[in-house]
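Visitor: generate coordinates for the sequence data below:
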Amino acid sequence: MTKLLEEALQAVRQLPADSQDEIARAMLALTGNVGEPEEIDPSHLPAVLEGLAQANLRQFASDAEIEAAFHRFER
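Guide: You can find the predicted model right below:
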């Protein structure tokens, strides 16, 4: 294990359990070892299906829309 990965794991150990699990899922996804898919909240399903349909049609957000979304987090 590299020193950088050891440092990252030590930092993750300090986080709450739910944050640790989120990071673990991201790490597993990056290695291709995703495991079982997460359940989708039924109330979110229409938005997920709409997003998938838009992706199939290659209807993606413009650079300006993405930049505006990131600016909302700067407040």
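Visitor: can you tell me the centre-most residue of the chain?
Guide: A26 (6.9 Å; C-alpha atoms, centre = their mean).
Visitor: what about it, is that helix, strand or coil?
Guide: Under DSSP: H, G, I helix; E, B strand; the rest coil, the three-state class of A26 is helix.
Visitor: for R13, see how far away it is.
Guide: To R13, A26 is 16 Å away according to C-beta to C-beta, to the nearest Å. C-beta: built from backbone N, CA, C; applies to glycine.
Visitor: what's the pLDDT at R75?
Guide: Listed pLDDT for R75 reads 68.
Visitor: mind checking the SS state of P46?
Guide: helix.
Visitor: for A53, see how far away it is.
Guide: 11 Å.
Visitor: check E22 too.
Guide: 27 Å.
Visitor: please, where are all the helices along the chain?
Guide: 3-13, 17-31, 45-56, 63-72 (DSSP state H).
Visitor: residues making contact with the second one?
Guide: Outside of helix 17-31, the residues that reach it under the criterion C-beta atoms under 8 Å, 6 or more residues apart in numbering are 12-13, 15, 34-35, 38.
Visitor: about what we covered before: and the helices of the chain as TSV, adding mean pLDDT?
Guide: Converted to TSV, these look like this (pLDDT from 0 to 100):
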stretch	mean pLDDT
helix 3-13	96
helix 17-31	92
helix 45-56	95
helix 63-72	92
